[in-house]
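Okay, sequence plus prediction incoming.
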Amino acid sequence: MARGRALLAVLAVLIAASAQHLKREASFTISLRAADNITVTIKLKPGVLPACLIRVKSGPRPELKIRPGENVTLSFTCNTPEKYLMMEIQKNIDCVSGPCPFGDVHLYPPGLPRLNRIFIWDVKASTKAGLELKFSAPLRQIQPGEMCPDLVSYNINSCIDKATVNIGTFCRNGSVSRVKLLGGVIMSLHLPWNLTVATSGFNIANRSSIKRLCIIESILKGESSIMLMSPNYPLGFPEDELMTWQFVVPSNMRASVFFHDYSLSNCERKEERVEYYIPGSVSNPEVFKLSDSQPANIAGSFNMSLQGCDQDAQNPGVLRLLFQVIVQHPQIDENVIHLVDLSKERNMTVTIHFEGWPRRTPLVSEPMCLICKDPRTCDRVLTLASGATYKISFLCKDLSHLRITAEKGISCVGLRWCESRIYSLSVPKTITQLPVQLHKFIWKLIAPEEINIEITSPSLKLRQHLPEQNCNTSYSYSIISATPETEMNVGIFCPGGAIEKIQLRNNITISLKTFGKGFLNESNHQDLKMSFVPHIKDECTFTVSPDSKAKTYLQTPNSHYGLPPYVSISWYIIVPSKQVARLGFSTDRMGITCETGRAYVNIKEQMPGAEETVRREDELLPQPRNMHYNFWVNISNCKPVDPMQLSLKFWVTFVEKQIDLAVIVGVLAGFGVLAAIGLTVCCIKKNLSTAEQKKR
């Protein structure tokens, strides 16, 4: 048995070796007819070492060219030639000196080795005629460097005289159905080694002169989105050329055009432009600059043309264009007009945009939401300026993909002009009534150096957002104080706290940010206000009236990066007359070492003769203590040793005042003494009066 198994193993090895030898020695015969004018070239892939060669009668070689009329038998010196070698099959077609073989284009010759293949058709034609490439299955244009998912790609080059223009590279499964070209064309089809394709997928037809570089036809069925680009992209569109895209769109659909990338050349004569021919338009062709918002909400089919100019010979520049066409069903809300009245506003902009703008660019596959300021002027982002009234509509299935960001500037040039004025920092109703969620409203408050800014919340009061007291409202305020040299994040605040007033020395940016849909209801109760006030001593001063039933936490500004060097912050804490405040710090030390200067914590009650408690950065902070009167907490920074940062947090609670028994006894004793004195005085007076009467 053992001897039989050994024999079987030997036979298996021999059979495997024989099969491998047969595979390595597999041969191919390529026969080319002279009349077909086809040349086959087998060569190494770019950048690949010659680890596999082509074996012919004359011996192994790294490259083999088979010309028209030749018959060659070949094999390879390795088992996997597809890893190292590729093949080009080029057919030259002369339509100038003889008739063109119009019709379906076939893949010839058959029986080729399984290598990556590039079929090239080099068609020479007169510029007085046009050629049309018609694809049996529509194509999708891709950007340079992009790969087709199935590795099957078409590349189209136009040849006019001696100039070659790259019309583009295309994958299967798209919308481009025909490409019409002026003059000759070099068409190539790239196929991977492991894919068997029976036909080229296109035919060539003769057309009259199109009087432009090319015409690309795209058939858009149903809701879809395509990306297209100018010839030679991202390099320059040929000088003073004209090309056209024809979009076939069902009449019951709506198309919109968006430019994603473009640049202009330096023109000596004419002007680079885009022209639209839209059936039914009273102003065909409609002419746009590349910098304009392009037409949207177009009903049915339309043409779009790109026109170049005569360029400056010394500095020509580059004309290029990458754009998107989106086709949608008509939207339910497209005829609903929303009035945005900004006529009484000043220094204000309102931007309606897609979620994530401006940091994020939406994917081509994402649902398209458009904002229109008239039926044909729509875009993914629309900015409205103050001083006017707008009528807008939406082309969007789901408005939850849209957001609003608004910005308003308030400035003061002199205190006597604006000292008595109080500005309301509330979101205008013309914004809150729109069916789009407000993302952020930004107020930029600007004052000269000798004027400061005061922010108040008289009824709601502000709560500082901290881990111990999270904001659970539908909106919050971020407050940033800035000078040309420094920026300090004062903190994040929401309504429903203890801070009545914040005074700041520098220019201020207040950003209201919303969370969810609850802001629509809470927006009616906004009470944030601001005014310009005379110069204050500290960088920032808070007036705090804590809730007597809750623990209030307060934190120095810029908590993530530390209080800026040499900055002083104060809190004025209001203590009700019948209560006692208890003040404590969350840490026992400041946690810094000063490189220059000193850091201090100062605590002082606002009463005559009150003692001030002072602690330096190298001392322990005060233990929790009772405060019977309104009091100040001041924290001033030095320049800490890097990377130390000063960030302090303290808390305030309240208890009812307890009247001490000794005090009561003392008071009563005092009253007793006063009564005795009064009684004695009365008695003395009475005795004196009686004595005087007896003398009389």
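That came through, no problem. Values in this document were obtained by computation on a predicted structure and should not be read as measured data. Numbering: from 1, shown residues only.

Partner strands of the strand of greatest length in the chain and their direction?
Secondary structure of the chain read by DSSP state E shows that its longest strand is strand 129-142. Strand pairing for strand 129-142, using DSSP bridges, gives strand 163-172 (antiparallel), strand 176-182 (antiparallel), strand 199-208 (antiparallel).

what's in contact with the first one?
Applying C-beta atoms under 8 Å, 6 or more residues apart in numbering, the set of residues contacting strand 163-172 from outside is 137, 139-142, 144, 146, 148-150, 152-159, 176, 179, 181, 186, 201, 213-214, 216, 229, 231-233, 238. No exception for glycine: its C-beta is placed from N, CA and C like everyone else's.

Which ones among these map onto strands?
Reading strands off these with DSSP E, I get 137, 139-142, 153-159, 176, 179, 181, 186, 201, 214, 216, 229.

And these, which of them are buried?
For those, a burial check counting by 16 or more other C-beta atoms under 10 Å picks out 139-142, 153-159, 176, 179, 181, 186, 201, 214, 216, 229.

closest to Tyr629 out of the strands paired with strand 129-142?
strand 163-172 (78.8 Å; C-beta to C-beta).

residues of the closest one that come out buried?
In strand 163-172, residues buried by neighbour count (16+ other C-beta under 10 Å) are 165, 167-172.

what do you get for stretch 351-366?
Residues of stretch 351-366 classed as buried: 351-354, 357 (neighbour count, 16+ other C-beta under 10 Å).

Now distance to Ala498, pLDDT and secondary structure too, for those residues, in TSV please.
Listed next are those as TSV, based on distance: C-beta to C-beta, whole Å; pLDDT from 0 to 100; DSSP: H, G, I helix; E, B strand; the rest coil:
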residue	distance to Ala498	pLDDT	secondary structure
Thr351	34	98	strand
Ile352	36	97	strand
His353	36	95	strand
Phe354	38	93	strand
Trp357	36	91	coil
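
which residues sit against the helix or strand hosting Gln90?
According to DSSP states H and E, Gln90 maps onto strand 85-94. In this structure, residues lying in contact with strand 85-94 by C-beta under 8 Å, 6+ apart are 36-45, 52, 54, 76, 100-101, 107-109, 112-113, 115-124.

do stretch 504-511 as well
With contact meaning C-beta under 8 Å, 6+ apart, stretch 504-511 is reached by 425, 440-447, 452-455, 477-483, 488, 490, 528, 530, 535-536, 538-540.

Show me how to select, in PyMOL, the buried members of those.
Buried residues within these, by 16+ other C-beta under 10 Å, are selected in PyMOL with:
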select buried, resi 425+440+441+442+443+444+445+446+447+452+453+454+455+477+478+479+480+481+488+490+528+530+538+539+540
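
Which of the contacts of stretch 504-511 fall within strands?
Those of the contacts of stretch 504-511 lying in strands (DSSP E): 440-446, 452-455, 477-482, 488, 490, 530, 540.

thinking again about what came up before, in TSV, list the strands paired with strand 129-142 along with distance to Thr653 and mean pLDDT.
Output for those, formatted as TSV (distance: least, C-beta to C-beta, whole Å; pLDDT from 0 to 100):
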stretch	distance to Thr653	mean pLDDT
strand 163-172	69	96
strand 176-182	73	95
strand 199-208	80	88
